[in-house]
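Q: For reference, the sequence and a predicted model appear below.
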Amino acid sequence: MHASPSRLLHPVVALTLAVLAAVATVWGSTAPARAADGDVTWTVRTAANGYGDDRSSFSYTVNPGGTVKDEMVVANKGDEPLTLTLYAADGFTTDKGQLDVLTKEGRSTGVGAWVRPAKSAVTIGAGRTATVPFTVRVPANATPGDHVGALLTSLRQADDTEGINVDRRLGIRVKLRVSGPLRPALAVENLRVAYDGTAAPFAGGDATVTYTLHNTGNAMLSGNQKVRVDGPFGTLRTDAPKIAAAPQLLPGERWKVSVKVHDVPPAVRLSATATVTPLLTDDAGSTSSLRAVTATAGTWAVPWTLLALVLLLLAAAVGAFLLVRRSRARGRDREDARVREAVDRALRANGKEDARKA
């Protein structure tokens, strides 16, 4: 498992804070978190005790006002003694869908405020391990539901080449489910659809569907997602390709989604529908599906090229009709003129004949 440092600018000094890939990795693994950087030579793991011998993380169900005591084991794999800072921090979901934790300077109001190691720092001899006791004290007014963070070990080192301090962190997830009514709920918000047609008169275009998933409940939730685009009255349905499940969202968090649906017919009026099935994972790791939630939005998809072609054909047909009618009218006029001329000749001939007889 790896801890790769990232850099942030502190108002006073330049400070690089490790975005603890190890924290995220150890949450899904039973192996101890381990740093790959040559300057970081320690691992962290859960202690074997009454809570279990092979835990991948710390997970508890606690009543409001309750207390939990547990331990974390830190091993120094290096050749020199190691002094590490210990603290807890709240978790959050990053824009990439990964679970991260606040820095020590961040303001934690949940796990980071409730979990307290027995000491703020620990010194471990070369090749030795240390057991770090910690206590979880849940306030009496804590909100029921899921709260997530991590218990962290930190080593701040000077980087002379960069002129900055590097803070490397390793930790283990702490998940608390505070007893009380569990109300998992996921909402699909701000759904929009935009259509991008093509110049080909009979070809389909791309519909881009965007929306926001909002965890409006008090439990961690993921969700299976499906998106479709329909023409008028549900006709000409086009389904989006398979969409990856949403990441685990903490209560109150939002996750933006953008899906492109290809080969959508330009059916003048389109309707996009997003259907999300929330997924709730219990403490045993079993996942259950909740009632699906949907949202719908519409947009115009006028086939301008086809419309222009139809108008041209219609104009050509009207023009042809007018030309034919005008040609027929001219033919009738010529025939009427010929008849009148023949009548006039006949009348003139009869007049001359009558004159001779007289």
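A: Thanks, I have the structure now.
Q: Could you list the low-pLDDT ranges of the stretch 101-250 of the chain?
A: Low-confidence segments of the stretch 101-250 of the chain (pLDDT under 70): 158-163.
Q: Let me see the ranges of the strands in it.
A: Here the stretch 101-250 of the chain has its strands, by DSSP state E, counting those that start in this stretch, at 115-117, 121-124, 129-137, 145-159, 164-178, 186-196, 205-215, 221-230, 238-239, 246-249.
Q: right, so of those, which gets closest to residue 346?
A: Evaluated over the strands of the stretch 101-250 of the chain, closeness to residue 346 peaks at strand 205-215, with 71.2 Å, by C-beta to C-beta. Where C-beta positions appear, they are placed from N, C-alpha and C, glycine not excepted.
Q: So the closest residue to residue 177 other than its chain neighbours, which state does it fall into?
A: Nearest in space to residue 177, with sequence neighbours left out and distances taken as C-beta to C-beta, 6 or more residues apart in numbering, is residue 61 at 4.6 Å. Assigned with DSSP: H, G, I helix; E, B strand; the rest coil, residue 61 falls in the strand class.
Q: So that it lines up with my notes, have the first residue be 27 from now on.
A: In the new count, where the first residue is 27, that last one comes out as residue 87.
Q: Please name the residues that touch residue 87.
A: Neighbouring residues of residue 87 by C-beta atoms under 8 Å, 6 or more residues apart in numbering: 202-205, 309.
Q: what does residue 127 give?
A: By C-beta under 8 Å, 6+ apart, the residues touching residue 127 are 46, 49, 115-118, 138, 175-176, 178, 197.
Q: Now render those residues as TSV, adding neighbour count.
A: Shown next, in TSV, are these (neighbours: other C-beta atoms under 10 Å):
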residue	neighbour count
46	30
49	29
115	29
116	22
117	25
118	17
138	24
175	28
176	33
178	29
197	27
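Q: Nearest to residue 235 among the residues you listed?
A: Nearest to residue 235 among the contacts of residue 127, counting by C-beta to C-beta, is residue 118 at 26.0 Å.
Q: Please, which helix or strand holds the nearest residue to that closest one once chain neighbours are set aside?
A: Closest residue in space to residue 118, ignoring its immediate chain neighbours: residue 126 at 6.1 Å, by C-beta to C-beta, 6+ apart. Element membership of residue 126, judged by DSSP states H and E, is strand 125-127.
Q: Please consider this matter closed, and thank you.
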